[in-house]
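Q: have a look at this prediction, sequence included:
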Amino acid sequence: MKEKIKVFVNGEEIEIYQGMQVKHALISYDYDLYKKCVEGEYIVVNQDGFELGLEGTLNDNAKIYTKRRE
């Protein structure tokens, strides 16, 4: 069985399995927000403000945020 990791989406702690991607954390957090990211209305950034793809990998304690595309 795979180990679970904790990630933070918009400040809320989410538990996902190690090896899951940004999209899985978003789906666990808010499926409607995930759909808006897929449609390009929102983007995902890391704690340093760099944009992440939905296929990106996550490490334990990663902090990601969503924001409306400018």
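A: That came in fine, so what should we check first?

Q: quick one, what contacts the most centrally placed residue in the chain?
A: The centroid of the chain falls nearest to Val22 when counting by C-alpha atoms, centre = their mean (3.8 Å). If you count contacts by C-beta atoms under 8 Å, 6 or more residues apart in numbering, Val22 has them with 44, 52-58, 64. (C-beta placed from N, C-alpha, C; glycine too.)

Q: identify the spatial nearest neighbour of it, chain neighbours not counted.
A: In this structure, Val22 finds its nearest non-sequential neighbour in Gly56, 4.5 Å apart by C-beta to C-beta, 6 or more residues apart in numbering.

Q: neighbours of the one you found, how many?
A: Residues within reach of Gly56, counting by other C-beta atoms under 10 Å, total 15.

Q: check Lys4 too.
A: Counted with other C-beta under 10 Å, the neighbours of Lys4 add up to 11.

Q: likewise for Phe50?
A: Phe50: 8 neighbours (other C-beta under 10 Å).

Q: quick check: pLDDT value at it.
A: For Phe50, the pLDDT comes out at 97.

Q: and the gap between it and His24?
A: 19 Å (C-beta to C-beta, to the nearest Å).

Q: one more: Leu58?
A: 8 Å.

Q: so which of the two has more stuff around it?
A: Leu58 (24 against 17).

Q: chain center to stretch 62-70, what's the gap?
A: The chain centroid and the centroid of stretch 62-70 are separated by 8 Å under C-alpha atoms, centre = their mean, to the nearest Å.
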